[in-house]
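J.: need a 3D model of the sequence below.
(chains A and B)
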Amino acid sequence: MSTSTVRTRFAPSPTGFMHIGNLRTALYAYLFAKKNSGQFILRIEDTDRERLVEDAVATIYATLSLAGLGHDEGPDVGGLHGPYTQSERRHIYEKYAKELVNASHAYYCFCTKERLDTLTDETGNRRYDKHCLHLSKAEVEAKLAAGVPWVIRQNVPQEGATTFSDMVYGEITVENRELHDNVLLKSDGFPTYNFANVVDDHLMEITHVFRGMEYLSSTPNYNMLYDAFGWAIPRYAHLPHIMRDKQHKLSKRHGDANFEDFIAKGFLPEAILNYVALLGWNPKNEVEKFSLQELVEAFDVSGISKSSAVFDGVKLRWLNAQYVKELPPQQFHALAAPYYGAISTPVNLNLLSALLQPRISAFSDVPEAAEFIDSFEGYDLALFDNAGSKSSVQLAKETLPAAIAALESLADWSNDALFGALEPLAAQRDLKKKQLLWIVRIAVTGRLSTPGGASEMCALLGKAQAIERMKQSLRRLRNA
RNA sequence: GGCCCAUUCGUCUAUCGGUUAGGACGUCAGAUUUUCAUUCUGAAAAGAGGAGUUCGACUCUCCUAUGGGCUACCA
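T.: Numbers count the residues shown, from 1 in each chain, chains lettered A, B, ... in the order given. Predicted structure coming up:
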């Protein structure tokens, strides 16, 4: 038995933002490597020159770093198996492709797009007919010398079947006649994914390949390549897709949120990672909250499920709220601060943070929760009518003057002092404290839902502001 | 169309031949609460359908249905 180190890789194409499915693939590859004391490698697959998106590589670095998935080797950190960007490895692919041609496992193909189009069958499918495989050596040399554009195609046998064992899906068998003579080297000299992934995974000594299940049916093609070279085939773990709903995959084309979007919406990276880890994998116990380190310890491919999972933003919010609640108060405050920028009314922001922390799920909830601070006028007076607290517009009109008087004479404007003043006032007027508190809270915020009770809202707004608001509410009640 | 894969509460999932089919989110109902929220308790909620195999199937086999993937000089 070989005791070689486990090496996994994350091999994204720099085509835009990192979507959640990609992030999960990276996460699982990372977890598996770390669980087995191995290495996690980053490789940039930029062989499709047309889909390249500027800055996408920077996004990949940023995302990985934010997620805490540090790579041991990669374009930015180097390593013994570089370069780690495929466009810088062109000479390597060409050399290996030609090796395959010499061994008859691949061949030059000079077919034009027009001819290829004629190969489309009645059901709309195209399958290459190995036309150029039958060219004589002299014919090939002549075309090459004449500068006819060429590609190199894989020569797959049409008899028999290929079986391999996937760590997630088990045994998969595909009839060889279903396989195509894939293009290995494109006419622009770049390799296709079909070729580059094999060459690079071998050269980079990748032992375990984690990738989306869309590659499941073409894996036999890759295995034939490994065999043709006489290379060891890595272990595969194909991953089920993450869906937007039962029918559709999560996709950036449909505007589904990607990792950066969630960060921008005030979700915590650890919470996103935790949630994503559990989409398609389970720890075989009922724990739901995992730090990255805990995930490393708990991870096992046997817990990866075979069926796709629908992404549930509601549950992500719940998990994120758990993380938000556990934040040290100063850190919560620091993270919430950017969302306080728009607040113009002077309020005690530290107190606001303390009130908000147990109440919001994501930081983007802050503006709505704090909206009452700057926007007070013209709220619906019917808010004073509330069956649950047995409050009403009429009662508010009757009670507010006394409340204003009591609070105006209060010097200590702390929450405790405020509550201490309001409670006896209710008793004195033969009211349930709930009734009074409801009235004061509405009078001071004009909102049905607020990030705290009456006394807390008063304390937050400060004496002058709170008294002024109560008076204004009373005026409106009287004029109504 | 062909091939590959999948199918347990609305959603994420446990179960790896014998369970009252468990948990979580969400929902609903109560309790606590200084409103809202938190917290706590409880409830409703699932094996796609049909054949087998078996003393016994969610679990194994086959068929069907449904969904997804692949079928590119995209990855």
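J.: alpha carbons only for contacts and neighbour counts from here, please
T.: OK.
J.: point me to the residue of the stretch 101-250 of chain A nearest RNA strand B.
T.: At 3.0 Å from RNA strand B, A:Glu214 is the closest residue in the stretch 101-250 of chain A, using Cα to the nearest atom of the strand.
J.: surely that residue is in a helix?
T.: Yes. A:Glu214 forms part of a helix when assessed by DSSP: H, G, I helix; E, B strand; the rest coil.
J.: count the neighbours of it for me.
T.: 12 (other Cα atoms under 10 Å).
J.: so which bits of the stretch 201-350 of chain A are right by RNA strand B?
T.: Contact residues, the stretch 201-350 of chain A versus RNA strand B (Cα under 7 Å from any atom of the strand): A:213-218, A:241, A:246-249, A:278-282, A:284-286, A:288, A:303-312, A:314-316, A:318, A:322.
J.: the residues you listed in helices, which ones?
T.: Under the assignment DSSP state H, those contribute A:314-316, A:318, A:322 to helices.
J.: from A:Asn182, how far out is the residue of the stretch 101-250 of chain A closest to RNA strand B?
T.: Remark: distance between A:Glu214 and A:Asn182 (Cα to Cα, to the nearest Å) = 16 Å.
J.: same question for A:Val440.
T.: On the measure of Cα to Cα, A:Val440 and A:Asn182 end up 74 Å apart.
J.: same question, A:Phe32
T.: 30 Å.
J.: look at these two and report which has more neighbours.
T.: Comparing A:Phe32 with A:Asn182 by neighbour count (other Cα under 10 Å), the higher total belongs to A:Phe32, at 26 against 19.
J.: tell me which element that one falls in.
T.: Taking DSSP states H and E as the definition, one finds A:Phe32 inside helix A:20-35.
J.: send me that helix as CSV with only the CA atoms.
T.: Presented in CSV, the C-alpha positions along helix A:20-35 are these (Å, rounded to 0.1, in the frame of the first residue of the first chain):
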residue,chain,number,x,y,z
ILE,A,20,-22.0,28.6,-3.9
GLY,A,21,-21.6,25.2,-5.6
ASN,A,22,-18.1,26.0,-6.5
LEU,A,23,-17.4,27.1,-3.0
ARG,A,24,-18.7,23.9,-1.6
THR,A,25,-16.5,21.9,-4.0
ALA,A,26,-13.5,23.8,-2.8
LEU,A,27,-14.6,23.3,0.8
TYR,A,28,-14.9,19.5,0.5
ALA,A,29,-11.6,19.2,-1.3
TYR,A,30,-10.0,21.3,1.4
LEU,A,31,-11.7,19.4,4.2
PHE,A,32,-10.7,16.0,2.8
ALA,A,33,-7.1,17.1,2.3
LYS,A,34,-6.8,18.6,5.8
LYS,A,35,-8.6,15.7,7.4
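J.: is RNA strand B contacted by that helix?
T.: No. Helix A:20-35 lies out of reach of RNA strand B by Cα under 7 Å from any atom of the strand, never closer than 9.9 Å.
J.: show residues contacting the very next helix or strand once past that helix.
T.: Proceeding N to C from helix A:20-35, the next assigned helix or strand is strand A:39-42, under DSSP H and E. Strand A:39-42 has contacts (Cα atoms under 8 Å, 6 or more residues apart in numbering) with A:5-11, A:29-30, A:33-34, A:70-75, A:84.
J.: also stretch A:263-271?
T.: A:66-67, A:291-292, A:316, A:319-320, A:323-324, A:362-364.
J.: likewise stretch A:452-469?
T.: A:346-348, A:351-352, A:355, A:373, A:404, A:407-408, A:413-416, A:418-419, A:437-438, A:440-445, A:451.
J.: mind doing that once more with 7 Å?
T.: A:347-348, A:351-352, A:355, A:404, A:408, A:413-415, A:418-419, A:437-438, A:440-441, A:443-444 (Cα atoms under 7 Å, 6 or more residues apart in numbering).
J.: can I get the buried part of the residues you listed as one PyMOL selection?
T.: To isolate the buried ones among these in PyMOL, judged by 16 or more other Cα atoms under 10 Å, type:
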select buried, chain A and resi 352+355+404+413+414+415+418+419+437+438+440+441+443+444
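J.: can you list which of the contacts of strand A:39-42 are found in helices?
T.: Short answer: these in helices (DSSP H) are A:29-30, A:33-34.
J.: in the helix or strand A:Gln472 falls within, what counts as buried?
T.: For A:Gln472, the host element (DSSP H and E) is helix A:463-479. By 16+ other Cα under 10 Å, the buried positions in helix A:463-479 come out as A:463, A:465-467, A:469-474, A:477.
J.: what's the answer for stretch A:222-240, then?
T.: A:222-226, A:233-234, A:236-240.
J.: between the residues you listed, which sits nearest A:Trp150?
T.: A:Leu225 (19.9 Å; Cα to Cα).
J.: for the closest one, which non-adjacent residue is spatially closest?
T.: Nearest residue to A:Leu225, sequence neighbours excluded (Cα to Cα, 6 or more residues apart in numbering): A:Val198, at 7.3 Å.
J.: tally of neighbours for the one you found?
T.: A:Val198 has 21 nearby residues by other Cα under 10 Å.
J.: report pLDDT for it.
T.: What the model reports as pLDDT for A:Val198 is 98.
J.: in what helix or strand does it lie?
T.: helix A:193-203.
J.: then A:Ser165?
T.: strand A:161-166.
J.: quick one: contacts of the next helix or strand after that strand?
T.: Toward the C-terminus, strand A:161-166 is succeeded by strand A:170-175 as the next helix or strand (DSSP H and E). Strand A:170-175 is contacted by residues A:160-165 when judged by Cα under 7 Å, 6+ apart.
J.: in ChimeraX, select just the buried ones from those.
T.: Entered in ChimeraX, the line below selects the buried ones among those, by 16+ other Cα under 10 Å:
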select /A:162,164
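J.: near RNA strand B, which residues of the stretch 351-480 of chain A are found?
T.: A:358-360, A:388-389, A:415-416, A:419, A:433-434, A:437-438, A:441, A:448-456.
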